[in-house]
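*Asks:* Show me how the following folds:
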Amino acid sequence: MKENQLYDYPVKILLAFELAVGGNKEFFDWLFSNGYPELAALSNAIRGNTKAIDWLIKNGFPHFAAFDAASVDDEGAMKWLQKEGEDFLITLARASRGIQEAIDELNRKDLVIFVRIAMRIKQFADGQTFDYHRPSF
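*Replies:* Numbers count the residues shown, from 1 in each chain. Prediction:
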């Protein structure tokens with residue numbers, strides 16, 4: 001089994017992550033200070049922080065960095081996730097793009113927390129304007 005997978009975290013940690021993705025600094029700080037710096041970094045990466053993406057890559061979480069890119073529109077990141085066998089992150093990235101088939105798959109597996117996370121990511125991404133300066137994966 002692969003290490004450091006989102007589905008391995010307890011639900012309460014995933015709820016904190018969802019709120020951090022939504023911009024709640026208290027939950028970001030809590031994740032960072034309580035042993036989950038990778039989730040704090042991922043939440044910041046999703047919110048467009050390129051230093052957080054670099055941190056994820058340098059600290060053994062390239063799959064989270066690729067997920068961040070794939071969850072918006074980076075097909076290169078999606079192909080990298082496929083090559084690495086990151087099927088769950090592919091499904092979550094597709095759900096974060098609003099692809100109903102992926103959302104339905106998560107719901108069928110009773111992974112409601114991940115539907116919530118995907119919707120939070122989509123909500124944030126839909127509220128952003130395209131930044132052509134942001135590097136692709």
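
*Asks:* Can you get me a residue count around residue 17?
*Replies:* Residues near residue 17, counting by other Cβ atoms under 10 Å, number 25. (C-beta placed from N, C-alpha, C; glycine too.)

*Asks:* Look up the closest residue to it, ignoring the ones flanking it.
*Replies:* Leaving aside its sequence neighbours, residue 17 sits nearest to residue 39 (Cβ to Cβ, 6 or more residues apart in numbering; 4.7 Å).

*Asks:* Ok, residue 60 next?
*Replies:* Closest to residue 60 by Cβ to Cβ, 6+ apart is residue 4, at 7.1 Å.

*Asks:* what's the burial count for residue 23?
*Replies:* The number of residues near residue 23, taken as other Cβ under 10 Å, comes to 12.

*Asks:* Residue 40 versus the residue nearest to it when sequence neighbours are not counted, what's the distance?
*Replies:* Leaving aside its chain neighbours, residue 23 sits nearest to residue 47 (6.8 Å; criterion: Cβ to Cβ, 6+ apart). Counting by Cβ to Cβ, to the nearest Å, the gap from residue 47 to residue 40 is 11 Å.

*Asks:* Among these two, which residue is more densely surrounded?
*Replies:* Between residue 47 and residue 40, residue 40 has the larger neighbour count (other Cβ under 10 Å), namely 22 against 18.

*Asks:* quick one: that one from residue 21, how far?
*Replies:* For residue 40 relative to residue 21 (Cβ to Cβ), the value is 10 Å.
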